[in-house]
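Undergrad: Sequence first, predicted model second:
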Amino acid sequence: MIVGCFLLIVSAARAQDGIITRGEALAIVYPDTEITRDRVILTSQQMTKVARLAQVAMRGKIFPRYTASQNGVVIGRAYVDTHDVKANRQSLLIALNTTGQILRVNVTTFFEPAQYLPPTDWLRQYDEQQLHDDLVVRRGIRPIAGSSFTGRAVNAAVRRILALDEVLSDAPKH
């Protein structure tokens with residue numbers, strides 16, 4: 001029992017620090033759902049479409065995807081985007097509803113120094129966003145003081161995932 005309490009405290013502390021597991025992030029955004037995992041492997045043509053639509057560089061062609069269903073009905077999709085911030089890796093779990101609108105962005109891996117971790121409050125400005133021209137740092141997105149590399153990396157990942165979902169859905173959302 002003591003071990004269980006310790007794990008709960010460590011998990012809560014990690015969430016407070018802004019880094020949580022994929023499972024924790026999925027449980028927050030899609031409670032009481034069935035989650036299935038697959039991976040998307042983009043064709044060269046799809047990669048080109050995503051890059052053009054997102055207006056950011058592609059960082060590989062394989063993306064883990066989670067699909068949330070309730071009573072057999074899909075209610076959302078979440079993707080993992082792993083990329084370099086400055087010199088080290090960061091992974092984001094970007095959860096969307098069925099119309100391609102962001103429900104939540106969570107940091108699941110961050111190997112840069114802790115002071116560059118994007119604050120949870122800063123990440124919440126992406127909630128309810130869809131891909132549009134003003135979804136850019138210093139335009140529709142506030143910058144992070146002292147963490148401009150992190151802000152740009154997060155924004156590029158968000159744009160990439162929104163464009164990826166649109167290309168995979170094959171229906172314009174903006």
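TA: Looks like it arrived, so ask away.

Undergrad: following the top strand by length along the chain, which helix or strand comes up?
TA: Looking across the chain with DSSP state E, the single longest strand is strand 73-84. Once the chain leaves strand 73-84, the next helix or strand it forms, by DSSP states H and E, is strand 89-97.

Undergrad: residues in contact with the residue nearest to residue 43 when sequence neighbours are not counted?
TA: Leaving aside its chain neighbours, residue 43 sits nearest to residue 61 (8.0 Å; criterion: C-beta to C-beta, 6 or more residues apart in numbering). (Each C-beta comes from the backbone N, C-alpha and C, glycine too.) Residues in contact with residue 61 (C-beta atoms under 8 Å, 6 or more residues apart in numbering) are 41, 42, 43, 47.

Undergrad: From residue 104, how far off is residue 164?
TA: 17 Å (C-beta to C-beta, to the nearest Å).

Undergrad: Could you check which of those two is surrounded by more residues?
TA: Counted by other C-beta atoms under 10 Å, residue 164 and residue 104 do not tie: residue 164 has more neighbours, with 29 against 21.

Undergrad: Now do the helices in this protein.
TA: Shown for the chain, the helices assigned by DSSP state H span residues 2-17, 22-29, 44-54, 120-123, 148-169.

Undergrad: Find the least confident helix or strand in the chain, judged by mean pLDDT.
TA: Lowest on mean pLDDT, DSSP states H and E among the helices and strands of the chain sits helix 2-17, with a mean of 38.

Undergrad: hmm, back to that, return the distance of the longest strand of the chain from the chain's centre.
TA: Distance, stretch centre to chain centre, for strand 73-84: 6 Å (C-alpha atoms, centre = their mean, to the nearest Å).

Undergrad: That strand: partners in the sheet, and parallel or antiparallel?
TA: Partners of strand 73-84 in the sheet, by DSSP bridges, are strand 62-70 (antiparallel), strand 89-97 (antiparallel).

Undergrad: out of these, deepest packed?
TA: strand 89-97 (a mean of 22; mean count of other C-beta atoms under 10 Å).
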